[in-house]
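[1] whatever this is, show me its structure:
(one chain, ligands or ions: 1)
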Amino acid sequence: MRRRLFSILSMASLLVCAAVTALWVRSYFATDVLGRERMYTTPNTHERSTLYLIAQRGRLLYDRAWYFEQAPMTLELGERVYPMHHYTVPEFDFAEWLGRRDGFRLLGFGWSRTQRPLPEAVDATRAAVPCWALWLSSAVLPWVRWRQWRRRRARRRRGACLACGYDLRATPGRCPECGAVAAAAADANAAAA
Ligand SMILES: [Zn+2]
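    Sure thing, here's the model as predicted:
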């Protein structure tokens, strides 16, 4: 059962890894945005909250902001909501986007927060994760799974115990080292375990 779960997780992880690879390559040709916005306007206030997930130049960017302005408004009153949708924008400067005063930048990672008081209040958080970090973390499970598969294949070929690698040519049937039932039976046992 645990082995089964591990297989499913590594397969899912492999799919994520493939998606990250595709997005990574694409991010050098187009800046993709998944964005959602909400605005609320009264005669004297204007509130806006935004969330953007952006892929650009080998980075995934998170951009969440809240703006609140107090002044007489000439905008259309009431609430306007733009649900999450996808679009592309021209490439922009990463350092400028992240801001320079607060936060940090390191190896493609980045984080910043901007806060300003009324009458034009802002609370914005921006974060960046490099694609290589996402790629590495999603590649670990598939890599471990592939190594296991290769080791088991090698053991099967040379007639060794699939569980521990002990040479079974003299004692086919059951492994004297770890007690596992050999060959096909061992396979079935391992799959069931
Ligand atoms: Zn064994």
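[2] contacts and neighbour counts: CA atoms only from here.
    Will do.
[3] buried residues, the longest helix seen in the chain. List them.
    Looking across the chain with DSSP state H, the single longest helix is helix 131-157. The neighbour-count check on helix 131-157 (16 or more other C-alpha atoms under 10 Å) flags 131-132, 134-135, 138-139, 141-142, 145, 152, 155-156 as buried.
[4] next: stretch 113-125.
    So, applying 16+ other C-alpha under 10 Å, buried residues of stretch 113-125: 113-114, 121-122, 124-125.
[5] which one of these is nearest the ion?
    residue 125 (54.3 Å; C-alpha to the ion).
[6] quick check, the closest one in a strand?
    Yes - under DSSP: H, G, I helix; E, B strand; the rest coil, residue 125 falls within a strand.
[7] please renumber so the chain begins at 7
    Got it, the first residue is 7 from now on, which makes the last one we talked about residue 131.
[8] now do the contacts for residue 46.
    Residue 46 is in contact with 52-54, 83-86, counting by C-alpha atoms under 8 Å, 6 or more residues apart in numbering.
[9] which parts of this structure sit against the ion?
    167, 169-170, 181, 184 (C-alpha under 5 Å from the ion).
[10] who wins for neighbours among these?
    Neighbour counts for the residues of the chain next to the ion, by other C-alpha atoms under 10 Å, peak at residue 167, which reaches 28 neighbours.
[11] how close does it get to residue 21?
    Relative to residue 21, residue 167 is positioned 32 Å away (C-alpha to C-alpha, to the nearest Å).
[12] tell me the contacts of residue 59?
    Counting by C-alpha under 8 Å, 6+ apart, residue 59 has contacts 39-41, 66-69.
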